[in-house]
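>>> Whatever this is, show me its structure:
(one chain, ligands or ions: 2)
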Amino acid sequence: MSASPAPILITGASQRIGFYCAERLLDEGQPLIVTFRRERPGLARLRERGALTLPADFADEAGILAFIEQLKAHTDRLRAIVHNASEWLSETPGAEARTFQRLFNVHMLAPYLINLHCAELLERSSPADIVHIGDDVTRKGSDRHIAYSASKAGLENLTLSFAARLAPRVKVNGIAPALILFKPEDDADYRAKTLAKSALGIEPGAEAVYLGLRYLLDNPYVTGTTLTVNGGRHLK
Ligand SMILES: NC(=O)C1=CN([C@@H]2O[C@H](COP(=O)(O)OP(=O)(O)OC[C@H]3O[C@@H](n4cnc5c(N)ncnc54)[C@H](OP(=O)(O)O)[C@@H]3O)[C@@H](O)[C@H]2O)C=CC1
Ligand SMILES: Nc1nc2c(c(=O)[nH]1)N=C([C@H](O)[C@@H](O)CO)CN2
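Ligands and ions are numbered 1, 2, ... in the order given. This is a model prediction of the structure:
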């Protein structure tokens, strides 16, 4: 039995929420493997801190399977898998089906295949967790991000199925955020309108998701659950 702790895998951790969670886990001395699609400034910092950074594009089955093979060449065990990689795409006029397929690949096919192919790596660790990062928008859908919302709803359902399949050795949960971080290009009007959608009316920052991740990793009696981290949007 290896003395060093098994690594945690976070997908899409080169920026924003995934990057923040990666930094916090490294702060705790947690070995880390992260995936990235495009080279970004934060990756150099994660590498400096000892994280293994693996390129991965989950837009199609071939890219997902290629990542799984690459991952298994680097480790034979995992403490947890955090499925964070995501694209926030609205309907693309004239390319609706391509966008739909892309979103379902990133948000559903990638977690599905990675979970199935990497369950054995998780079962070599105790405790072991899978965390799916979803979206609170699945509560009511979205008229401007139809395929995105549907694919995130499917991801939420994977939480239930994998929690049943992998118990008791692996806990499987989700986190459903609403606004966590604006994008730099979001204008004042959009920001004001978005903040008004929740009871708490704040942009909490990535720590709001990390605290949910920490809770799920630490709690031995939670599985098949999706944590809502939405500032009380459901109350408005
Ligand atoms: N930010 C927010 O307010 C909210 C976020 N969420 C969810 O939280 C999670 C993190 O959000 P956020 O940090 O804003 O996410 P980002 O939009 O920054 O995306 C995270 C990463 O996913 C990667 N990614 C996108 N497409 C692919 C792909 N085809 N294959 C592999 N990687 C890919 C991106 O890589 P690249 O760097 O190449 O673009 C990006 O770095 C997401 O699942 C998101 O849906 C939910 C609600 C609100
Ligand atoms: N992959 C992403 N998903 C989402 C993002 C994002 O930036 N990347 N942002 C949101 C918004 O914050 C929305 O919740 C409110 O405007 C949703 N999903």
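>>> how near is the closest residue to Thr11 other than its chain neighbours to Arg102?
Nearest residue to Thr11 in three dimensions, chain neighbours excluded: Ala85, at 3.9 Å (CB to CB, 6 or more residues apart in numbering). Just so you know, the C-beta spots here come from the backbone N, C-alpha and C atoms, and that holds for glycine as well. Note on Ala85: its distance to Arg102, by CB to CB, to the nearest Å, is 12 Å.
>>> And the helices in this structure?
16-27, 41-48, 61-74, 96-104, 110-122, 146-166, 188-195, 207-218 (DSSP state H).
>>> now the fifth one and helix 96-104, what's the angle there?
It stands for helix 110-122. Taking axes from the mean of the first three to the mean of the last three CA atoms, to 10 degrees, one finds helix 110-122 and helix 96-104 inclined to each other by 20 degrees.
>>> what does helix 110-122 contact?
6, 9, 11, 58, 61, 64-65, 67-68, 71-72, 75-81, 83, 85, 128-130, 132, 155, 158, 162, 166, 169-170, 172 (CB atoms under 8 Å, 6 or more residues apart in numbering).
>>> Name the residue in Ala85 and Arg102 with the higher neighbour count.
Set Ala85 next to Arg102 and count neighbours by other CB atoms under 10 Å: Ala85 wins out with 23 against 19.
>>> close enough to count as contact, that one and Thr35?
Yes: using CB atoms under 8 Å, Ala85 is in contact with Thr35, at 6.5 Å.
>>> intersection of neighbour lists for those two?
With CB under 8 Å, 6+ apart as the test, Ala85 and Thr35 both reach 11-12, 56.
>>> can you narrow the residues you listed to ones near ligand 1?
Among the shared contacts of Ala85 and Thr35, the residues that sit close to ligand 1 (CB under 6 Å from any ligand atom) are 12, 56.
>>> circling back: what do Ala85 and Arg102 both touch?
Any residue near both Ala85 and Arg102 by CB under 8 Å, 6+ apart counts here, and not one turns up.
>>> Contacts only, for the one residue sitting closest to the centre of the chain.
Computing the C-alpha centroid of the chain and ranking residues by CA atoms, centre = their mean puts Asn84 first, at 1.8 Å. If a contact means CB under 8 Å, 6+ apart, then Asn84 has 10-13, 17-18, 21, 133 as its contacts.
>>> Contacts for stretch 185-202 next, please.
178-179, 182, 203, 230-233, 235-236.
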